[in-house]
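Peer 1: Generate a structure from the sequence data that follows.
(one chain, ligands or ions: 1)
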Amino acid sequence: MEIEGLKPLEEWICDVCGDIIKSTNDWLEWETNNITDKDENFRLVHHTCKRTNDTNTLLKDLYIHRVLGNNGLAKLLNTLETLNPNNVSDFTEIIRRLHLPYYEEARQFLEEARINGEYFSTELTEEDCKYIIDEYSKAFL
Ligand SMILES: [Zn+2]
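Peer 2: Here you go, the predicted model:
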């Protein structure tokens with residue numbers, strides 16, 4: 001189900017339950033795989049949707065409020081430099097979601113836009129995101 005009208009850079013869609021995250025005391029979390037030593041499964045989640053450690057992974061997290069705004073971007077870039085990501089684009093996707101206005105809402109419609117031959121590049125602007133929302137959210141009304 002698509003969610004419309006998210007407040008840009010203030011609300012996100014929880015990667016576990018699919019409901020809206022409204023509190024910046026919720027989390028960016030990921031896992032370090034104990035076997036491969038890779039960081040993976042980056043996600044934005046409610047406090048109540050957080051995972052717990054299991055034997056194969058070490059859970060790591062940051063409060064969302066720590067990774068917002070200019071200082072948050074500095075934190076994310078520094079974090080990226082210390083990570084060993086399984087796939088770096090999984091982390092840059094998180095940066096887009098937290099820092100590119102309207103991206104969080106637009107990403108729900110991105111697959112359909114790409115089926116229509118639009119926006120294959122990940123270099124999306126704020127204007128691109130607004131266009132995608134305008135153009136593709138109508139299909140779900
Ligand atoms: Zn949730």
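
Peer 1: Looking at the protein, which helix is longest?
Peer 2: Secondary structure assigned by DSSP state H gives helix 69-82 as the longest helix of the chain.

Peer 1: That one: how far from the chain's middle?
Peer 2: Its chain's C-alpha centre and that of helix 69-82 lie 14 Å apart, by Cα atoms, centre = their mean, to the nearest Å.

Peer 1: got the CA positions of it in CSV?
Peer 2: Included here for helix 69-82 are C-alpha records, laid out as CSV according to Å, rounded to 0.1, in the frame of the first residue of the first chain:
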residue,chain,number,x,y,z
GLY,A,69,20.3,17.9,8.9
ASN,A,70,23.8,19.1,8.1
ASN,A,71,25.4,17.5,11.1
GLY,A,72,23.5,14.3,10.4
LEU,A,73,24.9,14.2,6.9
ALA,A,74,28.4,14.7,8.4
LYS,A,75,27.7,11.8,10.7
LEU,A,76,26.4,9.5,7.8
LEU,A,77,29.4,10.3,5.6
ASN,A,78,31.8,9.5,8.5
THR,A,79,29.9,6.3,9.3
LEU,A,80,30.1,5.3,5.6
GLU,A,81,33.9,5.7,5.7
THR,A,82,34.1,3.3,8.7
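
Peer 1: Need the contact partners of that helix.
Peer 2: For helix 69-82, the surrounding residues in contact (Cβ atoms under 8 Å, 6 or more residues apart in numbering) are Leu62, His65, Arg66, Val67, Val88, Phe91, Ile94, Ile95, Leu98, His99. Backbone N, C-alpha and C define where each C-beta goes, glycine included.

Peer 1: Pretty sure Phe91 is one of the things the fourth one touches, is it not?
Peer 2: No. Val67 is beyond contact range of Phe91, at 11.2 Å (criterion: Cβ atoms under 8 Å).

Peer 1: Checking the most centrally placed residue in the chain next. Helix, strand or coil?
Peer 2: Geometric centre of the chain, nearest residue: Ile94, 3.7 Å, by Cα atoms, centre = their mean. Of the three states, Ile94 takes helix according to DSSP: H, G, I helix; E, B strand; the rest coil.
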